[in-house]
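**Student:** Provided below are the primary sequence and the corresponding predicted coordinates.
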Amino acid sequence: MAIAVDNDMSIFSLVAGASLPVQLVLVVLLITSLFSWWYIFIKVATIKRAETGADDFENAFWTGGDLNKLFEGLTASRRKSQGMASIFEAGFKEYTRHKHQPRMEISDLMEGSRRAMRAAYNRELDDLDAHLPFLASVGSVSPYIGLFGTVWGIMNAFRGLSNVAQATLSQVAPGIAEALVATAIGLFAAIPAVIAYNRFASSVDRLSVRYESFMEEFTNILQRKS
Amino acid sequence: MIRAYEKDVSWKAGALAIGVHVVLLAALLISFNWKAAHPVLNIAEVELWDSLPKNSVQKPERTPKPTPEPVVKEMPKPEPIAEENPEEAPNADIALLKKKQELEQKKLADQVKKEKALEQKKQLDALKDEVSKDQPPKDKKPVVQNDALKKLQQEALADDKSEGDKQAVSAKAAANAGVVGDYINKIQAKIRSNVNKTLCGEGNPELKFDIALLPTGQLSGSPKLIKSSGSGACDEAVERAIIVSEPLPLPEDKSLFSQFRSLKLKFRPND
């Protein structure tokens, strides 16, 4: 086995020269990385939208305008309301529906609108939590997948070394470099996923606290009104 | 995959995700110098020999044989030719024939010369081959080789290895290895003749002993059992046989003793 002295270590030749399991690992990692980044950007956009939506709605709500007008404005808009607005909509709709019914106890009225708001809140939270489990598993698993590819590649590199009488570093170096590409991609997929997961989880928590406190306050206002 | 309310951002997010990966790839390509630069090295390979004398003793027996022979052959050849010429010269008494004879002689001489030259050339070539086969002409000399030679040597080494690394000695020491092997066989045979085979029972047990020898053939220290046959009686029988076999046969050439200082011997008493 002659030494390949002029080995071109470009990343493409490294990947092309890798064994099939390593290539599979690379492909899997690349796809997961693409998906996790895609979800990260989607989540960034949607959570930001939910936050600005909550800000806007709180501004509109606490300026002390007529609740009926606010409700009509929300229902009149073509788009389905989201976030805090949808909670408000669900609660207020339930409230007005029961208000016109005679012989309705106030506590029942409150309970009804509260249940409606809780349901809307759960739906909102489910949307906010979407894709977070995926990011969590990418963050925890992809380093291992990368490590698997690396171990496999290094095993191959050393096995090739056993066939030569004089072992030189240049015989294992390409194999190890190609194997380490797998770890690099695994980490590249995992690190942003973990960071994003933690950030999104805390953002979702804060939003859910905001929604809950809004629900309580709105119940109080409705109770005062009735 | 994605929710309805996420559809309007999904395209933008997808483009951004691909962009991130393109940036990563670009960073990989730019920040690393992937072209591995291999400066052309003038590699001098040095072979280290453990003990020099064992070769210098064995060598004259082997290598000189082919070399003197051609020389001897070369010498007598011209002689008969020289004899032939004077023989033929007196025969050509007749004046008429003389000229013819002379011509013939010339031709003959030419032919002989040619043959001689050819022969010499062949011999030279053969010699050269011989020399190149016995690669390091004077051992212990650092051999400086160019790249091509180096590759060749590596291949040769690899071949040697694949042949079944009998001994990590180079081609030169192969002759010695033969002698060493002979004596190891003699030692084993002597020991085996002393083994009480009945103690080893049926079957074909194999055991290994590590023994240390003195230059006199005496054991230094007691033999060490490396691999047991499985029955203690058999192991003991072989050990007793080793002790009884003292002094063990050793080659007269003391320079080879270094290979006998510590021996690992394999026994199959029932073989």
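**Tutor:** Yep, it's here. For clarity, every value in this text was computed on a predicted model and none was experimentally measured. Residues are numbered from 1 along each chain as shown, chains lettered A, B, ... in the order given.
**Student:** How about the secondary structure of A:L29?
**Tutor:** Using DSSP: H, G, I helix; E, B strand; the rest coil, the structure places A:L29 in helix.
**Student:** how many other residues sit next to the residue nearest to it when sequence neighbours are not counted?
**Tutor:** Distances taken as C-beta to C-beta, 6 or more residues apart in numbering or on different chains put A:I185 closest to A:L29, at 4.5 Å, once the chain neighbours are dropped. C-beta here means a position set from N, CA and C on the backbone, and glycine is covered the same way. A:I185: 26 surrounding residues under other C-beta atoms under 10 Å in any protein chain shown.
**Student:** Confirm A:I185 sits in a helix?
**Tutor:** Yes - counting by three-state DSSP, A:I185 is located in a helix.
**Student:** quick one: stretch A:40-57 near chain B?
**Tutor:** Yes - for stretch A:40-57, a contact with chain B is found by C-beta under 8 Å from any C-beta of the partner chain, at A:I40, A:F41, A:I42, A:V44, A:A45, A:T46.
**Student:** which residues touch the second one?
**Tutor:** To tie it back to what came earlier, the one meant is A:F41. B:V9, B:K12, B:A13, B:G14, B:L16, B:A17 (C-beta atoms under 8 Å, 6 or more residues apart in numbering or on different chains).
**Student:** With the fifth one instead?
**Tutor:** For A:A45, the contacting residues are B:E6, B:V9, B:K12, B:A13, taking C-beta under 8 Å, 6+ apart as the criterion.
**Student:** And the buried ones among those, selectable in PyMOL?
**Tutor:** Buried subset of the contacts of A:A45, written as a PyMOL selection, criterion 16 or more other C-beta atoms under 10 Å in any protein chain shown:
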select buried, chain B and resi 6+9+13
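**Student:** Helix, strand, or coil at B:I226?
**Tutor:** Applying three-state DSSP: B:I226 is strand.
**Student:** re the thing from before, now the residues of stretch A:40-57 next to chain B as CSV including distance to A:A157 and pLDDT?
**Tutor:** Formatted as CSV, the residues of stretch A:40-57 next to chain B follow (distance: C-beta to C-beta, whole Å; pLDDT from 0 to 100):
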residue, distance to A:A157, pLDDT
A:I40, 34, 95
A:F41, 37, 95
A:I42, 39, 94
A:V44, 40, 94
A:A45, 43, 93
A:T46, 45, 93
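**Student:** got CSV for those, with distance to A:E72 and secondary structure too?
**Tutor:** Shown next, in CSV, are the residues of stretch A:40-57 next to chain B (distance: C-beta to C-beta, whole Å; DSSP: H, G, I helix; E, B strand; the rest coil):
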residue, distance to A:E72, secondary structure
A:I40, 37, helix
A:F41, 35, helix
A:I42, 32, helix
A:V44, 33, helix
A:A45, 29, helix
A:T46, 26, helix
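**Student:** what's the closest of those to B:K227?
**Tutor:** A:I40 (61.7 Å; C-beta to C-beta).
**Student:** So the closest one is in contact with A:V138, correct?
**Tutor:** No - if you go by C-beta atoms under 8 Å, A:I40 and A:V138 don't touch, sitting 9.8 Å apart.
**Student:** after the strand or helix carrying A:T52, next one along is what?
**Tutor:** For A:T52, the element it lies in under DSSP states H and E is helix A:20-62. Later in the chain than helix A:20-62, the nearest helix or strand by DSSP H and E is helix A:67-76.
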